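Novice: What follows is a predicted structure for the sequence shown.
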Amino acid sequence: MDMKALTRSYFSLCLIVFSVTSIQSEKYEVSKNVEVRGFIEDIINSTLTKIIASIPDPIRIPFIGDDFGNSTYANNSLISGKFNVSNLGIYGLSTTEVSAISFNLFTQSLNLTLKFSDISTHFKYWTDLVLLELVPLYGSGTNTITMEELQLFIHAKATLGQNLGLSISNVSVILNLGDLLFDINGLIDDGIFSALVDIVLNDNVQEFVNGHQEFITRVFSPIVQAVLNYLLHPNSLYYQSSLYEYREKIKML
């Protein structure tokens, strides 16, 4: 047996040995003080934990804007006009927990649960839009969106490649959204109208998200897949291009 064949055999044996501890249970809890049982889980948990620990709080984005009248949105009858968001601050992402993770080596099945608690977003905005070529939506103000709890359940296929290492595919995402509170100000320059919009959003967004999982899965699964692969391989041009592709798709939603 040559050295390459011996190396492959040894690596395969190691995978089988390691898998014994990872397939006994499909689910288990992970915390800062609990040792991850399988080496695949250890890779993913360690990577995500380091990323979460490095997240600044708050995350600040100076400016986001778009023009729905440009060529990118040609023939778009849903929305037209311009908007921008400034001084965007996202608070609480550093408290994200990897609350559960499991991997079955034989089926290459990965289950991952992320828990987000007390996430809030503060931003200023300006908008001059027309919806459905009929309804004006203009105004400016300072808004706050508070999300008390969100759980992200991820099911995927995880494979070990010779060149790219661990990669994620066939991602399916389910969201479980807790209380979501909107504090909207300045729409059509009318405080009463803004308060009515608050009521409508507070009463319906959570129910819509939790009740339309098929839509959520279809929209967010490929985006989450691109983000996870980029986080596992931040220096890979392949995954950088995949993330950029879905970032462009987000702009089209």
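Specialist: Perfect, I can see it now.

Novice: neighbours of residue 60, just the number please.
Specialist: Other residues near residue 60 number 11, with proximity taken as other Cβ atoms under 10 Å. Glycine gets a C-beta too; all of them are placed from N, C-alpha and C.

Novice: tell me the SS of it?
Specialist: At residue 60, secondary structure determined by DSSP: H, G, I helix; E, B strand; the rest coil is strand.

Novice: Specify the beta-bridge partners of it.
Specialist: residue 89 (DSSP bridges).

Novice: Wait, it touches residue 85, no?
Specialist: No - assessed by Cβ atoms under 8 Å, residue 60 is found out of contact with residue 85, at 12.0 Å.

Novice: ok now stretch 169-180, how far from the chain's centre?
Specialist: Using Cα atoms, centre = their mean, to the nearest Å, the distance from the centre of stretch 169-180 to the centre of the chain it belongs to is 8 Å.

Novice: Extract the C-alpha trace of it and format it as CSV.
Specialist: Backbone C-alpha positions of stretch 169-180 (Å, rounded to 0.1, in the frame of the first residue of the first chain) are rendered in CSV as follows:
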residue,chain,number,x,y,z
SER,A,169,-25.2,22.9,1.0
ASN,A,170,-29.0,22.2,0.8
VAL,A,171,-29.7,24.6,3.6
SER,A,172,-33.3,24.8,4.9
VAL,A,173,-34.1,27.6,7.4
ILE,A,174,-37.1,27.9,9.7
LEU,A,175,-37.6,31.1,11.8
ASN,A,176,-39.4,31.3,15.1
LEU,A,177,-40.0,35.0,15.8
GLY,A,178,-41.0,36.2,19.3
ASP,A,179,-42.3,39.6,20.2
LEU,A,180,-41.5,42.3,17.6
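
Novice: Can you name the residues in contact with that stretch?
Specialist: Here stretch 169-180 makes contact (Cβ atoms under 8 Å, 6 or more residues apart in numbering) with 145-157, 159, 202, 205-206, 209-210, 213, 216-217, 220-222, 224-225, 228.
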